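1. Sequence first, then the predicted structure, then my questions.
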Amino acid sequence: MLREAGVTWTTVKGRSRLVRLRRDDLDTLFPGLLDSVLNGARRTPPAA
């Protein structure tokens, strides 16, 4: 789904696949969104 939505790049190496986030494209379209999500995830304690 993420690839089809254009959120990731996939590189095929032999029988493996490397999936990377298209951070630059996402930052251009939605400035600050990824930083907010990642900072929120760092501050949220794990569910008990």
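-> Yep, that arrived. Residues are numbered from 1 along each chain as shown.

2. any chance you could map the helices in the chain?
-> 23-29, 33-43 (DSSP state H).

3. I'd like those as TSV, with mean pLDDT appended.
-> Output for these, formatted as TSV (pLDDT from 0 to 100):
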stretch	mean pLDDT
helix 23-29	90
helix 33-43	83
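
4. Could you list everything residue 18 pairs with in the sheet?
-> Note on residue 18: beta-bridge partners by DSSP bridges are residue 11.

5. any idea of the pLDDT on it?
-> With respect to pLDDT, residue 18 has a value of 95.

6. Make residue 1 into 129 and carry on from there
-> Fine by me, first position is 129 from now on; the one you just mentioned is residue 146.

7. which ones are touching it?
-> Contacts for residue 146 (C-beta atoms under 8 Å, 6 or more residues apart in numbering) come out as 138, 139, 140. C-beta coordinates here come from the backbone N, C-alpha and C atoms, glycine included.

8. Distance to residue 160 and pLDDT added to those residues, as TSV?
-> Shown next, in TSV, are the contacts of residue 146 (distance: C-beta to C-beta, whole Å; pLDDT from 0 to 100):
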residue	distance to residue 160	pLDDT
138	26	93
139	27	94
140	32	95
